[in-house]
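Asks: Quick one, what's the 3D model for this:
(2 chains)
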Amino acid sequence: MKIQLKIWRQENAQAKGKMVDYNLPDVNPEMSFLEMLDVLNEKLIRSGDDPIEFDHDCREGICGQCGLFINGRVHGPMSATTTCQLHMRHFEDGDTIYVEPFRASAFPVVKDLRIDRSAFDRIIQAGGFISTRTGDAPEANAIPIGHQTAEDAFDAAACIGCGACVATCKNASAALFTGAKVSHLAMLPQGEPESPERAEKMVAQMEAEGFGHCTNTGACEVECPQEISIEHIARMNFEYNKAAVLEK
Amino acid sequence: MKLDAKIPEGPLQEKWNRYKATCRLVSPNNKKKLDIIVVGTGLAGSSAAASFAEMGYKVKSFCFQDSPRRAHSVAAQGGVNASKNYQNDGDSAFRMFYDTLKGGDFRAREANVYRLAECSANLIDQAVAQGVPFAREYGGYLANRSFGGVQVRRTFYARGQTGQQLLLGAYSALNRQVAEGNIKLFSRHEMLELVLIDGKARGIIARNLDTGEIERHAAHAVVLATGGYGKIYYLSTLAMGCNGSAIWRAHKKGAGFASASWTQIHPTCLPQSGDYQSKLTLMSESLRNDGRIWVPKKENDPREPGDIPENERDYYLERRYPAFGNLAPRDIASRAAKERIDAGFGVGPQRNAVYLDFAHAIQEYGEDTIRERYGNLFRMYEKITGHNAYQRPMMISPAAHFSMGGLWVDYELMTSIPGLYAIGECNFSDHGANRLGANSLLQACVDGYFILPYTIGNYLADELRVGRISTDHPAFAEAETQVREQLQRFLDIKGNRTATDYHKELGLLLYDKCGVQRTKEGLESAIEKIRVLRADFWENLRVPGTSEHVNTELEKAGRVADYLELAELMCYDALTRDESCGAHFREEFQTAEGEAERRDEEYQFVSVWEYEAADQEPVLHREELEFETIQPSVRSYK
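Replies: Reported below is the predicted structural model:
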């Protein structure tokens, strides 16, 4: 396949970036999108150019480190797919593909397509945990948890922290990311006791990081590679409101 | 190098309790005066860092990823073992100990393996308390599945994302301590050197991968939890950034390296489709619970799998190993697959795969049940290959996966350098010559949550008097200079081959000569070739850019430089072991039926290597393995 790439190049967070053209005359349709970038980078290095920096690690859709804005969509054209799981067979010979980083003011560009998502870690630090000590814990079967509850909690816990929800949201809101964690822990009996406090603290941190408000467009749910539902945003709001009521 | 395993006295079942009851403690108000560096934030690193911080130590935690949550433990799919005996099928700590020891072909320490089994049940309690959503029965109790190499159901799972869920549990515990101010987190940092003062591990030199800054970090003890080095084969199931650099650099500073060549080649991975390929994705071993593995009986059979009638299929695992069938341990399943592929019965466009067929299971349980059990794996398979495995058997192939080898550690998980610990996959300990499925998550967690938090106190109790360690010590300056010089050297070569180029060539060579099968001649020629390749690397490498900013190529160069040395050690390790055991299969040592021939009289020991100097043969030390409780037997799964 012949592919024309227009890729965002940016030296660092302060520098001005621009789109740069690259041509790949011989792309194998079985390649993954990132393998195509590998091939391009090898070519750039050999010709004395600066290779393109991009985030990636596990390349099996679970670490959440990859994330590109491809032809105007986060993680590219396929639904429920991370960038690393996108294959070139989904493009046509002769296509022009626009590649940009995930954009949000809370995710500054480090270089080219590589961004800083440490804001997500700080949201978790604000309360995305159950306050239990390591080393000893009660017998695991002591608290039965219904099959469906465990499955629902898993659906929320499956978030990979890639930031697609933020990048696709017109408000750059992190409500789906935060909501998924609040909801995962609120659904389980172990996490329920500190749920209101958790929701308050995580929401406050989300705002402090500069993420926007949720206006319920639902774009995040459409683009989430783990198909996490916006129901979890509703549950976060419920927990948040509960906290407000409890305080009064 | 003196090797003292420090195994406690007493009967097997009492050793760990005795140790815990008698080891030295650091009092609560003294712990805050002690600093610990933890490198790596996978299950072992996160769980250790969180546990230390909760106990009151001051912790610095490092990872090269952009967040601790991305460490490669996240990718483990199938499950974690624990001898809870919830299924009432006769499980116990002793049975789990025996299965693990046998699975490792009797090349692990009894005392360590028993402790692993003993602590397993507590881990499930711990994870549930953290909110890990394990699969549940309809009555609300925890569910189990079975895994290779055992005849009980002791594997706990969270769909096909068990590693992710356990890691997020550990990550949340880590973050809770970050918020408390007990852990300082250094993401996008890579350890480039270990610093020793008076023979003790006292800190590291790390590079900030976003700014290029070289930093000094001091502590009273250094814990390496840096994972496996299977990426040395280039094509592997590991993440792109996984590497052996931290443990290799520690090895060059004096830490013994054990069983370097014992790498698990996982039987159920997606086959290579072209030379651009960057990794081979693992499909969970749990699939072998319901999938049946076969190849056509006819060589180079061009027919579609659906067109090959039942009597023309060779279910070779069921044929060769009737007792365990498709759940034969990984080393055996990989070797059997390679044997069929090499003999010309492979399938797929490159003839490099075997079928994993769910047609029978779908017929028996219905497609919905199979979807509930493995839905995400089938979906992942379709994304990567474009094929629907509900309709057509999966094509799978063996790929490099887990490093049983790693830094030698004693019972306390301390390396041969005082104050330097290695936990999780980067140490050699519990898996012997082959790891059983779902034991790696277990080992990482047990090391980090339950063992090291106790044993490190036994060392630190003596370190209180030294006060805080200063990075102004000349040892830090010297290590920093070394690091800066090496980075500059990479940049100055300005040759014409990329680091990836060398990595791919090394990987192919190593997979061929020191992979599923090894021979004396092959290993000897590999050592020669690796030396030539290494010399060429230092002549012709090209690294663009500078060391002052983000530079992925510079990171890769350092890792490949280390791989080019580690690969040679792996070959020596395999060459000097004239027997076959577990993943180490020397063609010269096999039975008439093609099974591994272990030679206990001469090789019932762990090979521990001491670094001499560049281009010099390493020195072999032995830790004899003494079996007090069980008798090593021929490992048969027939």
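
Asks: From now on I want contacts and neighbour counts done on CA atoms only, so please keep to that.
Replies: Fine.

Asks: Could you list the domains of the chain?
Replies: Answering for chain A, as no chain was given. Following automatic domain parsing, one gets these domains for chain A: A:3-114, A:118-131+A:146-247.

Asks: my question was about chain B
Replies: According to automatic domain parsing, chain B comprises the domains B:266-400, B:474-623.

Asks: residue boundaries of the helices in the stretch 351-500 of chain B?
Replies: Using DSSP state H, counting those that start in this stretch, the helices found in the stretch 351-500 of chain B span residues B:359-365, B:367-385, B:440-445, B:452-460, B:474-493, B:499-513.

Asks: let me fix that: chain A
Replies: For chain A, the helices defined by DSSP state H cover A:33-46, A:118-125, A:147-157, A:164-168, A:175-187, A:195-208, A:219-223, A:231-247.

Asks: Give me the mean pLDDT for the second one.
Replies: Predicted confidence along helix A:118-125 averages 98 (mean pLDDT).

Asks: Let me have the domains of chain A in TSV, extended by mean neighbour count and distance to residue B:311.
Replies: What follows is the domains of chain A, written out as TSV (neighbours: other CA atoms under 10 Å in any protein chain shown; distance: least, CA to CA, whole Å):
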stretch	mean neighbour count	distance to residue B:311
domain A:3-114	20	33
domain A:118-131+A:146-247	21	40
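
Asks: thinking again about what came up before, looking at the helices of the stretch 351-500 of chain B, spot the one closest to residue A:56.
Replies: helix B:499-513 (15.5 Å; CA to CA).

Asks: mind listing what's buried in that closest one?
Replies: Buried residues in helix B:499-513, counted by 16 or more other CA atoms under 10 Å in any protein chain shown: B:499-500, B:502-504, B:506-513.

Asks: Out of the residues you listed, which comes closest to chain A?
Replies: residue B:500 (8.3 Å; CA to the nearest CA).

Asks: mind checking pLDDT for the spatially closest residue to the closest one that is not a sequence neighbour?
Replies: With sequence-adjacent residues excluded and distances taken as CA to CA, 6 or more residues apart in numbering or on different chains, residue B:500 is closest to residue B:556, at 7.5 Å. pLDDT, residue B:556: 98.

Asks: so residue B:35 makes contact with residue B:221?
Replies: Yes. Using CA atoms under 8 Å, residue B:35 is in contact with residue B:221, at 7.0 Å.

Asks: Comparing those two, which residue is more hemmed in?
Replies: residue B:35 (26 against 22; other CA atoms under 10 Å in any protein chain shown).

Asks: Give me the distance between the more buried one and residue B:219.
Replies: Separation of residue B:35 from residue B:219 (CA to CA, to the nearest Å) stands at 5 Å.

Asks: Now the common contact residues for the two.
Replies: Residues touching both residue B:35 and residue B:219 by CA atoms under 8 Å, 6 or more residues apart in numbering or on different chains: residue B:468.

Asks: The residue nearest to residue B:500 sits in which helix or strand?
Replies: helix B:552-575 (DSSP states H and E).

Asks: Contacts for stretch B:489-502 next, please.
Replies: When contacts are defined by CA under 8 Å, 6+ apart, stretch B:489-502 is touched by residues A:42, A:45-46, B:533, B:537-546, B:553-554, B:556-557, B:560.

Asks: mind running it again at 7 Å?
Replies: Stretch B:489-502 is touched from outside by A:46, B:539-544, B:556-557, B:560, with contacts defined as CA atoms under 7 Å, 6 or more residues apart in numbering or on different chains.

Asks: in that stretch, what counts as buried?
Replies: Using 16+ other CA under 10 Å as the test for burial, stretch B:489-502 gives B:490-492, B:494-500, B:502.

Asks: And the average pLDDT for it is what?
Replies: pLDDT averaged over stretch B:489-502 gives 98.

Asks: Convert that stretch to CSV, retaining C-alpha atoms only.
Replies: Extracted in CSV, the C-alpha atoms of stretch B:489-502 (Å, rounded to 0.1, in the frame of the first residue of the first chain):
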residue,chain,number,x,y,z
ARG,B,489,29.9,7.2,23.3
PHE,B,490,26.6,6.0,21.8
LEU,B,491,26.1,9.4,20.2
ASP,B,492,29.6,9.7,19.0
ILE,B,493,29.8,6.5,16.9
LYS,B,494,27.6,8.0,14.1
GLY,B,495,27.6,4.7,12.2
ASN,B,496,24.9,3.4,9.8
ARG,B,497,22.9,0.8,11.7
THR,B,498,20.1,1.5,14.2
ALA,B,499,19.8,-0.1,17.7
THR,B,500,16.7,-1.9,16.5
ASP,B,501,18.6,-3.4,13.6
TYR,B,502,21.1,-4.9,16.0
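
Asks: before we move on, back to that, rebuild the contacts of stretch B:489-502 as TSV, extending it with distance to residue B:298.
Replies: Converted to TSV, the contacts of stretch B:489-502 look like this (distance: CA to CA, whole Å):
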residue	distance to residue B:298
A:46	45
B:539	49
B:540	47
B:541	46
B:542	48
B:543	49
B:544	51
B:556	44
B:557	45
B:560	42
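
Asks: Residue B:429: which of those residues is nearest?
Replies: residue B:560 (25.1 Å).

Asks: these two touch, right, the closest one and residue B:505?
Replies: No. Residue B:560 lies out of contact with residue B:505 (CA atoms under 7 Å); the separation is 10.9 Å.

Asks: So which residues on the stretch 51-200 of chain B come close to chain A?
Replies: B:51, B:67, B:70, B:72, B:74-75, B:124-126, B:128-131, B:133, B:135-142, B:172-173, B:175-176, B:178-179 (CA under 7 Å from any CA of the partner chain).

Asks: For burial, what's the neighbour tally of the residue nearest to residue B:23 when sequence neighbours are not counted?
Replies: Leaving aside its chain neighbours, residue B:23 sits nearest to residue B:458 (5.6 Å; criterion: CA to CA, 6+ apart). Neighbourhood size, residue B:458 [other CA under 10 Å]: 18.

Asks: Can you list the low-confidence ranges for chain A?
Replies: A:248 (pLDDT under 70).

Asks: Quick one: residues contacting the nearest residue to residue A:161 once chain neighbours are set aside.
Replies: Leaving aside its chain neighbours, residue A:161 sits nearest to residue A:64 (5.6 Å; criterion: CA to CA, 6+ apart). With contact taken as CA under 7 Å, 6+ apart, residue A:64 is in contact with A:160-162, B:70.

Asks: between those, which is closest to residue B:380?
Replies: Scanning the contacts of residue A:64 for proximity to residue B:380, where the rule is CA to CA, the winner is residue A:160, at 15.0 Å.

Asks: quick one: contacts for that closest one?
Replies: Here residue A:160 is in contact with A:62-64 (CA under 7 Å, 6+ apart).

Asks: mind redoing it with 6 Å?
Replies: residue A:64 (CA atoms under 6 Å, 6 or more residues apart in numbering or on different chains).

Asks: circling back to that earlier point, compare the domains of chain B and give me the one nearest residue A:73.
Replies: From the domains of chain B, taking CA to CA, the stretch that ends up closest is domain B:266-400, at 17.7 Å.

Asks: Quick check: end-to-end length of that closest one?
Replies: First-to-last residue span, domain B:266-400, CA to CA: 6 Å.

Asks: List the residues that contact residue A:148.
Replies: Contacts of residue A:148 by CA under 6 Å, 6+ apart: none found.

Asks: Quickly note the distance from it to residue A:110.
Replies: Residue A:148 is 41 Å from residue A:110, by CA to CA.

Asks: Using CSV, write out the CA atom coordinates for stretch B:630-638.
Replies: This file holds the C-alpha atoms of stretch B:630-638, laid out as CSV (Å, rounded to 0.1, in the frame of the first residue of the first chain):
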residue,chain,number,x,y,z
ILE,B,630,10.6,-34.5,48.4
GLN,B,631,12.5,-36.8,46.0
PRO,B,632,13.1,-35.4,42.5
SER,B,633,11.4,-37.7,40.0
VAL,B,634,11.2,-37.9,36.3
ARG,B,635,8.8,-35.2,35.3
SER,B,636,6.2,-37.0,33.4
TYR,B,637,2.9,-35.6,32.1
LYS,B,638,2.0,-38.7,30.1
